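Trainee: Take a look and give me a structure for this.
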Amino acid sequence: AAASESDERGVTMSTDSYCFKLGDFECVSLSDGSLDYPLENFFSDVPIDHIQEALRQRDLPIDYITTPYTYLYVDTGQHRALVDMGAGDLGPRTGRLLESMRAAGIDPVEIDTVLITHAHPDHIGGTLDDTGTPVYPNAYYYIWQEEWDFWFSEEAFNKTPEMFVTVARKNLEPIQDRVSLVDQESEVLPGVGVIPAPGHTPGHVVVSFSSDEEQLLYIGDTVLYPLH
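Mentor: Numbers count the residues shown, from 1 in each chain. Got it, this is the predicted structure:
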């Protein structure tokens, strides 16, 4: 099991997960690893020297951006929900989500709901196992209607890298009979809502969790990096 400790708020932490309460909900932020990106992928309209100076001031590497991949598990008492499914084998340090789950005592078979913020490879790359079988066999999936339609359109090839389209279709098609397409801001489960936030992709969403007058917003890639 992963080493863990509690901070002054009673939040349990480990190298693979971060457990906390939201009202009556039990929440776990889970690591899937990390990936390095070129600076221009994150700051397309900022001079490189400005970016490097900001990174240098924070004692960070100045020739790339490291993004930790983390995803959220929430036990509402009625449902066990996961937001996004990790990157799978996208990079040499990705694909640790199931390992993190097991270290946190979470059984993927018990997850009954998966909420997809958007269908980029680092958010749906962990949908299937090595045999092409869904990793979460008892889950129903929620994704925005426009997001689903985009990745199965010819337009997707003109606006995104072909690999993105291939990965989206490969991972979404096997679960299509268990997918609910959402087309308006709504509560999809008690205390769990979907809010449209297009821009990063045509159908990107924010997922909201509310319990006992507390609210958490899982913003996905609405904001990519703290310096933004």
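
Trainee: Who are the contact partners of the residue nearest in space to the middle of the chain?
Mentor: Ranked by distance to the mean C-alpha position of the chain (Cα atoms, centre = their mean), the top residue is D84 at 3.8 Å. Neighbouring residues of D84 by Cβ atoms under 8 Å, 6 or more residues apart in numbering: Y71, L72, V114, L115, I116, T117, H123, I124, G220. Glycine gets a C-beta too; all of them are placed from N, C-alpha and C.

Trainee: Give me the three-state assignment for the closest residue to the fifth one other than its chain neighbours.
Mentor: In this structure, I116 finds its nearest non-sequential neighbour in I143, 4.3 Å apart by Cβ to Cβ, 6 or more residues apart in numbering. Secondary structure assignment for I143 (DSSP: H, G, I helix; E, B strand; the rest coil): strand.

Trainee: And S208, by the same measure?
Mentor: Three-state assignment for S208 (three-state DSSP): strand.

Trainee: I'd say it and E214 touch.
Mentor: No - if you go by Cβ atoms under 8 Å, S208 and E214 don't touch, sitting 11.1 Å apart.

Trainee: More neighbours: which of the two?
Mentor: S208 (17 against 12; other Cβ atoms under 10 Å).

Trainee: So what sits opposite that one in the bridge?
Mentor: Beta-bridge partners for S208, by DSSP bridges, are G193, L217.

Trainee: Please read off the pLDDT at it from the model.
Mentor: At S208, the pLDDT value in this model is 98.

Trainee: quick one: it and R93, what's the gap?
Mentor: In this view, S208 and R93 are 30 Å apart by Cβ to Cβ, to the nearest Å.

Trainee: With D149 instead?
Mentor: Taking Cβ to Cβ, one finds D149 at 32 Å from R93.

Trainee: Quick one: the helices in the chain, in order.
Mentor: Taking DSSP state H as the test, the helices found in the chain are 48-57, 97-103, 121-124, 145-151, 155-159, 162-172.

Trainee: ok, the residue nearest to I116 - how many residues close by?
Mentor: Neighbour count of I143, defined by other Cβ under 10 Å: 24.

Trainee: now do Q176
Mentor: Neighbourhood size, Q176 [other Cβ under 10 Å]: 11.

Trainee: Quick check: most distant residue from the centroid of this structure.
Mentor: Centroid-distance maximum for the chain: D49 at 30.4 Å, with Cα atoms, centre = their mean.

Trainee: so what's the closest residue in space to W144 that isn't next to it in sequence up against?
Mentor: In space, and not counting its chain neighbours, W144 is closest to G203: 3.5 Å by Cβ to Cβ, 6+ apart. Contact partners of G203, counting by Cβ under 8 Å, 6+ apart, are H118, I143, W144, Q145, E146, E147, W148, D149, F150, P196.

Trainee: Can you tell me which of these is nearest L35?
Mentor: H118 (16.4 Å; Cβ to Cβ).

Trainee: returning to what we had before: so how far is T166 from the residue farthest from the centre of the chain?
Mentor: In terms of Cβ to Cβ, D49 sits 36 Å off from T166.
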